[in-house]
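In: Fold the following, please.
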Amino acid sequence: MNAAIKSSIYKINETIQFIEKNLDKDLSLDELASIAHYSPFHFHRVFTKLCKETPLTFVTRKRIEKIAWILIKNKDVALKDLIHKYGFDNGVTFAKIFKKFYGISATELRNQTDSFYKQLDPRNSKIGKLPFLKKEYFSDINNLLRWMDLNAVVEVRHIPKETFAYKRVTGAPEMAIQAFYDLRDWAIANNIDYQQPKRWAWALHDNPAFTLSDKVSHSACLKLLTGETSNTINTLEIDKGKYLVGTFKIYDEDFYKAWEGMSYFLMTSGYRFRDSIFYEVQHTDSIFKEGSRHSVDICIPIE
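Out: This is a model prediction of the structure:
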């Protein structure tokens, strides 16, 4: 990868981070272009090429997905307040866009008392979106709960702010594997001891329940310690705060079940989701050892 492409990826990643942290702010093309240090025309072209969607489409999608998740978990929030907060001109415009994404209205979504287990019908969606919550995930909740009892310790923790070097990818979780190896190469080149405990993490920038699988964005992350420099790679800050943390000792094939178990626990526990990043901390560098058993913490931000 040549220097120009690396520079473009770095700038676009920084801009994406800004967008995700400021979905309730004015995100005009001029504003975003200035953050990336591009002209508006050049920024639009580079962003669209790298992200496979225009800046406006990206921002709109992120806002719709954010509102959908808030409606599911925080049922006391007024929909009209969310519409205004996230930059939609009026309720009619919002309603059309929301139904285009999910096939039902925002009010219908909120009124589903068992919405976490229901399946949206993709036939109702103009973009052919796959069901955002598949019935088969929860075909046997009792088995999932038994598995969690045997394999997880779940608790609430207060976690300090942490900074990670990261490499961001979009698509299936398996795409992060090469990103971890690329990040390890960066660590070696910068004399960073990547084998220290709890240095590796996987951050999830989108909720797969509300985002098409080919648009889900996630990152391979390496925790930076005091004195370690990161001027050649993007950095990601995980907010300090309260987290629902599940500690697991599992193999590769169990990660999916671990995340489903934590999602189920969150949705039925009464905890309120806090708007921040979901992430997974590896206790060791077992991600580089094929067939290894992994010790991991799955961390979900809560209020």
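
In: contacts, neighbours, all on C-alpha from now
Out: OK.

In: Let me see the contact set for the residue most central in space within the chain.
Out: The residue lying closest to the centre of the chain (C-alpha atoms, centre = their mean) is His205, at 2.0 Å. Each residue near His205 by C-alpha atoms under 8 Å, 6 or more residues apart in numbering is listed here: Val216, Ser217, His218, Ser219, Ile277, Phe278.

In: swap in Cys299?
Out: Applying C-alpha under 8 Å, 6+ apart, the residues near Cys299 are Tyr243, Leu244, Val245, Gly246, Phe278, Tyr279, Glu280, Val281.

In: pLDDT value on the residue nearest to the centre of the chain, please?
Out: Listed pLDDT for His205 reads 89.

In: in the stretch 101-250 of the chain, which segments are predicted with low confidence?
Out: For the stretch 101-250 of the chain, residues meeting the criterion pLDDT under 70 lie at 112-140.

In: And the helices in it?
Out: 106-111, 141-151, 176-189 (DSSP state H, counting those that start in this stretch).

In: Reformat these as JSON lines; add distance to Ser39.
Out: Below are the helices of the stretch 101-250 of the chain laid out as JSON lines (distance: least, C-alpha to C-alpha, whole Å):
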{"stretch": "helix 106-111", "distance to Ser39": "36"}
{"stretch": "helix 141-151", "distance to Ser39": "51"}
{"stretch": "helix 176-189", "distance to Ser39": "29"}
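
In: Same question for the strand or helix carrying Phe47: list its buried residues.
Out: Secondary structure from DSSP states H and E places Phe47 in helix 40-51. For helix 40-51, the neighbour count (16 or more other C-alpha atoms under 10 Å) marks Pro40, Phe43, His44, Val46, Phe47, Thr48, Cys51 as buried.

In: if we can go back for a sec, okay if I get the contacts of His205 as TSV plus distance to Ile104?
Out: Below are the contacts of His205 laid out as TSV (distance: C-alpha to C-alpha, whole Å):
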residue	distance to Ile104
Val216	21
Ser217	24
His218	27
Ser219	31
Ile277	26
Phe278	26
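
In: so what's the backbone phi/psi at Lys289?
Out: Per-residue torsions, Lys289: phi -120, psi 100 (degrees, to the nearest 10).

In: what about dumping the CA coordinates of stretch 150-163 to CSV?
Out: C-alpha atoms of stretch 150-163 as CSV (Å, rounded to 0.1, in the frame of the first residue of the first chain):
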residue,chain,number,x,y,z
LEU,A,150,-21.2,-22.6,32.6
ASN,A,151,-19.0,-20.3,30.6
ALA,A,152,-19.4,-16.7,31.7
VAL,A,153,-19.0,-14.5,34.8
VAL,A,154,-21.0,-11.3,34.2
GLU,A,155,-20.5,-8.2,36.4
VAL,A,156,-20.6,-4.4,36.3
ARG,A,157,-17.3,-2.6,36.2
HIS,A,158,-16.1,1.0,36.1
ILE,A,159,-13.4,1.1,33.4
PRO,A,160,-11.1,4.1,32.9
LYS,A,161,-10.5,5.8,29.6
GLU,A,162,-8.1,3.8,27.4
THR,A,163,-6.4,4.6,24.1
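
In: That stretch: how far from the chain's middle?
Out: 17 Å (C-alpha atoms, centre = their mean, to the nearest Å).

In: ok, and for it, which residues are buried?
Out: Asn151, Ala152, Val154, Thr163.

In: what do you get for stretch 212-222?
Out: Quick answer for stretch 212-222 (16+ other C-alpha under 10 Å): Leu212, Ser213, Lys215, Val216, Ser217, His218, Ser219, Ala220, Cys221, Leu222.

In: mind checking the end-to-end distance for it?
Out: Stretch 212-222 has its terminal residues 26 Å apart, counting by C-alpha to C-alpha, to the nearest Å.

In: Contacts made by that stretch with the rest, please.
Out: Residues contacting stretch 212-222 (C-alpha under 8 Å, 6+ apart): 129-130, 132, 164-173, 176-177, 179-180, 183, 194, 199-208.
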